[in-house]
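**Q** Structural data only, the sequence is not supplied:
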């Protein structure tokens, strides 16, 4: 499996302590083409660990030593302090203190402990901690224990509901959407919601080896049959793709079409009705009722 690339050394190292003569084949097969986080979940299932306690502690702050002021230069004339005071010596700027560059924030670390149990470790700021404490106080009637995990779950549930309303027009009393106009690229909000839930908010591209793309950010709604050749915006014909795989599949489709001799597919141009305008010649001047000449113009 190492020779064919189905497993890597990291996966083998994570699973090695849990392999036995009876389970090694099934365990290694279950880890085929899996990412590190997924292999860690398999190891946690084989050897569950207890939950970790909730800890919030202040990180140490590295102090920067204050710059040492440079001593004024001594005058070569020991008995002439007044002259030295009257004649100002050139200012010597102290050497700039080496200030360490701020460290880039580390991403949150998620470690599987047991089936459906994970350890989350991250760094937050003072304002975020204040919001966390305030939320604990306001939810003390619902979560008397002040469990941070339960509070985080509630916060994320509320956030996802708000994002669904903003992004996909989700509502408890959804009105029936209007039918999409013929030739429109518009994807109804109901279709977007259904596709997002079906694909679990992840790119649904599956490679030749059967491995699905793990990208969850910068997703796009992909027409399985391109819009240029009549693809419809229905739940069955729309799927989530990351930007790279969306462009990759479009390139593959049109390349196959070009090899078949049809050339690149283009949308039909708009048809305009030919209108022939007739210009009516007007005299430069006309006569009025009294016999005077009037300038030309619309009357």
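**A** Thanks, I have the structure now. Remember, it's a predicted structure, so these values are computed and weren't measured experimentally.
**Q** Would you confirm that residue 143 contacts residue 137?
**A** No. Between residue 143 and residue 137 there is no contact under CB atoms under 8 Å: 10.5 Å. For every residue, glycine as well, the C-beta is placed using N, CA and C.
**Q** For those two, indicate the residue with more neighbours.
**A** The neighbour count for residue 143 versus residue 137, taken as other CB atoms under 10 Å, is higher for residue 143 (17 against 8).
**Q** Correct me if wrong, but that one is in a helix.
**A** No. Counting by DSSP: H, G, I helix; E, B strand; the rest coil, residue 143 falls outside a helix, being coil.
**Q** okay, it: pLDDT?
**A** pLDDT for residue 143: 90.
**Q** By mean pLDDT, point me to the weakest helix or strand of this protein.
**A** None of the helices or strands of the chain scores lower by mean pLDDT, DSSP states H and E than helix 81-86, at a mean of 44.
**Q** ok, and for the helix or strand just after that helix, which residues are buried?
**A** Downstream of helix 81-86, the first helix or strand assigned by DSSP states H and E is strand 109-114. Neighbour-count burial for strand 109-114, counted by 16 or more other CB atoms under 10 Å, picks out 112, 113.
**Q** List the neighbouring strands of strand 109-114 plus their orientation.
**A** Strand pairing for strand 109-114, using DSSP bridges, gives strand 117-121 (antiparallel).
**Q** Could you check the strand it pairs with and say which residues are buried?
**A** residue 118.
**Q** and the nearest residue to residue 115 once chain neighbours are set aside, which of the three is it?
**A** With sequence-adjacent residues excluded and distances taken as CB to CB, 6 or more residues apart in numbering, residue 115 is closest to residue 45, at 5.1 Å. Look at residue 45: counting by three-state DSSP, its state is helix.
**Q** Tell me how far residue 45 lies from residue 7.
**A** Distance, residue 45 to residue 7, using CB to CB, to the nearest Å: 17 Å.
**Q** sorry, back to before: correct me if wrong: the residue nearest to residue 115 contacts residue 113.
**A** No. Using CB under 8 Å, residue 45 makes no contact with residue 113, being 10.4 Å away.
**Q** ok so, going back, would you mind telling me which of residue 45 and residue 7 has the busier surroundings?
**A** Per other CB under 10 Å, whichever of residue 45 and residue 7 has more neighbours is residue 7, with 19 against 15.
**Q** Can you list the buried residues in stretch 147-162?
**A** Burial within stretch 147-162, assessed by neighbour count using 16+ other CB under 10 Å, is assigned to 148, 151.
**Q** ditto for stretch 134-144
**A** With burial defined by 16+ other CB under 10 Å, the residues of stretch 134-144 counted as buried are 135, 139, 143.
**Q** quick one: which of those is nearest to residue 220?
**A** residue 135 (34.1 Å; CB to CB).
**Q** in what helix or strand does the spatially closest residue to the closest one that is not a sequence neighbour lie?
**A** Excluding the flanking residues, the one nearest residue 135 by CB to CB, 6+ apart is residue 151, at 5.8 Å. Per DSSP H and E: residue 151 is located in helix 148-168.
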